[in-house]
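Peer 1: Kindly return the folded structure for what I paste below:
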Amino acid sequence: MSVSSSSGRIPGGFREVIQIAWPLVVSMGSFTLMQFVDRMFLAWHSPVSIQAALPAGILSFTFVCAFMALCGYANTFVAQYHGAGDPEGCSRSTAQAVWLAGLTWPVLLATVPLGWWLLEWSGHSPAVLAEEKIYFTYLTAGGVVVPLGAAISSFFTGRGETRTNMLATMAGNLVNALLDYMLIFGKWGAPALGIEGAAIATLIAGLVAPAILFTLYFSRRYHAVYRTRSLMRIDGPLMARLIRFGLPSGINLLMEIAAFSLFILMSGRLGELSLAVSNMALSINSVAFLPLIGLGIAAGTLVGQYQGRGDSTTAARAALNSVLLGVAYVACIGSTYILFPSAYFSAFTARAESGFSLEELLVTGRWLLVLMAVWGVMDAGNVIFAGALKGAGDTRFVLIYSSIMSWGLLVPGVLLIVMVWGGGLLSMWTWALLYISALAIGYWIRFRGGKWKSIRVIESPPPPPAARPGAEALAVGD
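Peer 2: Numbering: from 1, shown residues only. You can find the predicted model right below:
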């Protein structure tokens, strides 16, 4: 879509936010369902597998996420170039992100031994540790597909063409779910590989969406307007700008995920039941959380597009409307956590092999879901305001503030609760709720202050759209 509004639409209003956001929310929803099914299958397969999957998976994501965020920050560049009416800027930005993604693979391979050491340090049982190492190794060694996918998807999302990303993502998630069933349980002639099969399925399916998007990106349709094939080369000054703004975003996500990884690893020190119920509750919470990421991307995209036009007022309106939509969504989901906790946890106990009864899980699990109902509302402000600030280029503040909150509040509190005071899972989760609330309040204050309005991400002031070659094709084609 173009940033120019169509008849009857308020720029930055709910209708425009929804038009950008709904395919992203559906994409994240399909990813949520895929993850939920993945972990449900692992719970059916073995109680050890469900205990191992989330700690190993989030630790792997900790190593991958900084590269994903760095390459994915091309979304902001594409959005601002698109808003400025510069189609070649969109493809030049995408090319730099793709090159950066390719450079991450050797680094990810080098982090595998560090990940093994961290898993050993967590103190989980030998059986859980063995499966954690398998899952972590596969996901990290093949993790280059994540930043690569973030890079190429930025071209489509930054221009507001979010339905293309949705369809590609849903195709990949469907492949993943089918491969999970086949390789975890040994169906359709495949060997029963358990958690190893889940990891292999994730890697294979992770190639599907990038393959679809690259095929479209280099097609005649996009090359005619954006010169996608001709501009797939390194542009030193532009790559330096991408690193300048994107690196704080990558480090920010790394610091947050690393802190939360520690949170999850520490829950394993409270016993196998606590680890299992915590992992299940976090898997359930993905129903609310991952669609919020879609709204955060939408907010960042619209803020970037309107900042590219030099229209900060409309950018602010789009961000605030995105937050309101996010709060409404998670409030609805949160009410189901409180009203129907048994329905959520019963999915993990449908087979006897799951290891723990529904009654055992609900003793603590129902209260975790109550906390998550409040947690989700605060997370809406956290994720979406942070996305809007990043879309404007205010990545350094997000990095500094989130690092202080993660490592000055969340981590010290969790270590004191578990290792000094001997607190339990509910105490840990209550502290995490305070941390998320502090993040949301800080981002809201920063956004309201308006310093982001003066930040320039792209090189020069935006030219009039009519002065750009191909502007008409750009407006019509999107």
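Peer 1: I figured Arg396 was touching Gly246, is that so?
Peer 2: No. Applying CB atoms under 8 Å, one finds Arg396 not in contact with Gly246, separated by 11.5 Å. In short, each C-beta sits where N, CA and C put it, glycine included.
Peer 1: So those two - more neighbours on which side?
Peer 2: Gly246 (26 against 17; other CB atoms under 10 Å).
Peer 1: Just give me the residue closest to the centre of the protein.
Peer 2: Among the residues of the chain, the one closest to the centroid is Ile293, at 5.7 Å (CA atoms, centre = their mean).
Peer 1: Test my guess that that one contacts Val383.
Peer 2: Yes. At 6.2 Å, Ile293 counts as touching Val383 under the criterion of CB under 8 Å.
Peer 1: Skip the chain neighbours and tell me the closest residue to Leu282.
Peer 2: If the residues on either side of it in the chain are set aside, Leu282 comes closest to Leu54, at 6.3 Å by CB to CB, 6 or more residues apart in numbering.
Peer 1: okay, now that neighbour: neighbour count?
Peer 2: Residues lying near Leu54 (other CB under 10 Å) number 26.
Peer 1: Ok, Arg221 next?
Peer 2: Other residues within reach of Arg221, judged by other CB under 10 Å, total 11.
Peer 1: Please apply the same query to the one 10 residues further on.
Peer 2: Neighbours of Leu231 under the rule other CB under 10 Å: 18.
Peer 1: ok, now Asp86?
Peer 2: Count around Asp86 with other CB under 10 Å applied: 26.
Peer 1: Do me a favour and get the backbone dihedrals for it.
Peer 2: With angles defined as degrees, to the nearest 10, Asp86 sits at phi -120, psi 90.
Peer 1: Looking at it now. What's its pLDDT?
Peer 2: In this model, Asp86 is scored at 90, pLDDT.
Peer 1: now swap in Thr349 and tell me
Peer 2: pLDDT for Thr349: 65.
Peer 1: With Val128 instead?
Peer 2: According to the prediction, Val128 has pLDDT 81.
Peer 1: Return the distance of it relative to Leu193.
Peer 2: From Val128 across to Leu193, the span is 17 Å (CB to CB, to the nearest Å).
Peer 1: Compare those two and say which is more crowded by neighbours.
Peer 2: The neighbour comparison of Val128 against Leu193 (other CB under 10 Å) goes to Val128, with 25 against 18.
Peer 1: separation between the closest residue to Tyr337 other than its chain neighbours and Ala43?
Peer 2: Once flanking residues are discounted, Tyr337 sits nearest to Leu369: 3.9 Å by CB to CB, 6+ apart. Here the criterion is CB to CB. By it, Leu369 lies 17 Å from Ala43.
Peer 1: cool, Val383 as well?
Peer 2: For Val383, the distance to Ala43 equals 27 Å [CB to CB].
Peer 1: CA-only coordinates of stretch 382-399, as CSV, when you get a sec.
Peer 2: Extracted in CSV, the C-alpha atoms of stretch 382-399 (Å, rounded to 0.1, in the frame of the first residue of the first chain):
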residue,chain,number,x,y,z
ASN,A,382,5.9,-2.5,25.7
VAL,A,383,6.0,-4.2,22.3
ILE,A,384,4.1,-1.6,20.3
PHE,A,385,5.6,1.5,21.7
ALA,A,386,9.1,0.0,21.3
GLY,A,387,8.2,-0.9,17.7
ALA,A,388,7.1,2.6,17.0
LEU,A,389,10.3,4.1,18.5
LYS,A,390,12.4,1.8,16.4
GLY,A,391,10.4,2.7,13.3
ALA,A,392,11.4,6.3,14.0
GLY,A,393,15.1,5.4,14.5
ASP,A,394,15.1,5.9,18.3
THR,A,395,17.0,2.6,18.7
ARG,A,396,19.6,3.8,21.1
PHE,A,397,17.1,4.8,23.8
VAL,A,398,15.3,1.4,23.4
LEU,A,399,18.6,-0.4,23.8
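Peer 1: element containing the residue nearest to Thr301 when sequence neighbours are not counted?
Peer 2: The shortest distance from Thr301 to any non-neighbouring residue, by CB to CB, 6+ apart, is to Ala79 (5.0 Å). If you go by DSSP states H and E, Ala79 is part of helix 74-83.
Peer 1: pull the CA atoms of the helix or strand just after that helix into CSV?
Peer 2: Proceeding C-terminally, helix 74-83 gives way to helix 87-102 as the next helix or strand, assigned by DSSP H and E. Output in CSV follows, covering the C-alpha atoms of helix 87-102 (Å, rounded to 0.1, in the frame of the first residue of the first chain):
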residue,chain,number,x,y,z
PRO,A,87,11.8,2.8,-4.9
GLU,A,88,15.5,2.1,-5.5
GLY,A,89,16.2,3.0,-1.9
CYS,A,90,13.8,0.2,-0.8
SER,A,91,15.8,-2.4,-2.8
ARG,A,92,19.2,-1.1,-1.9
SER,A,93,18.2,-1.3,1.8
THR,A,94,17.0,-4.9,1.4
ALA,A,95,20.2,-5.9,-0.4
GLN,A,96,22.4,-4.7,2.5
ALA,A,97,20.3,-6.7,5.0
VAL,A,98,20.6,-9.8,2.8
TRP,A,99,24.4,-9.5,2.7
LEU,A,100,24.5,-9.0,6.5
ALA,A,101,22.4,-12.1,7.0
GLY,A,102,24.8,-14.3,5.0
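Peer 1: from the middle of its chain, how far away would whichever strand or helix holds Thr202 be?
Peer 2: Under the criterion of DSSP H and E, Thr202 resides in helix 195-206. Relative to its chain's centre, helix 195-206 lies at 18 Å (CA atoms, centre = their mean, to the nearest Å).
Peer 1: likewise stretch 226-245?
Peer 2: Between the centre of stretch 226-245 and the centre of its chain there are 24 Å (CA atoms, centre = their mean).
Peer 1: Can you tell me what sits against it?
Peer 2: The contact list for stretch 226-245, computed with CB atoms under 8 Å, 6 or more residues apart in numbering, reads 70, 73-74, 76-77, 87-88, 90-100, 155, 217-218, 222-223, 393, 395, 457, 459.
Peer 1: Show the end-to-end separation of that stretch, please.
Peer 2: Stretch 226-245 has an end-to-end distance of 23 Å (criterion: CA to CA, to the nearest Å).
Peer 1: before we move on, what about stretch 440-457?
Peer 2: Stretch 440-457 has an end-to-end distance of 24 Å (CA to CA).
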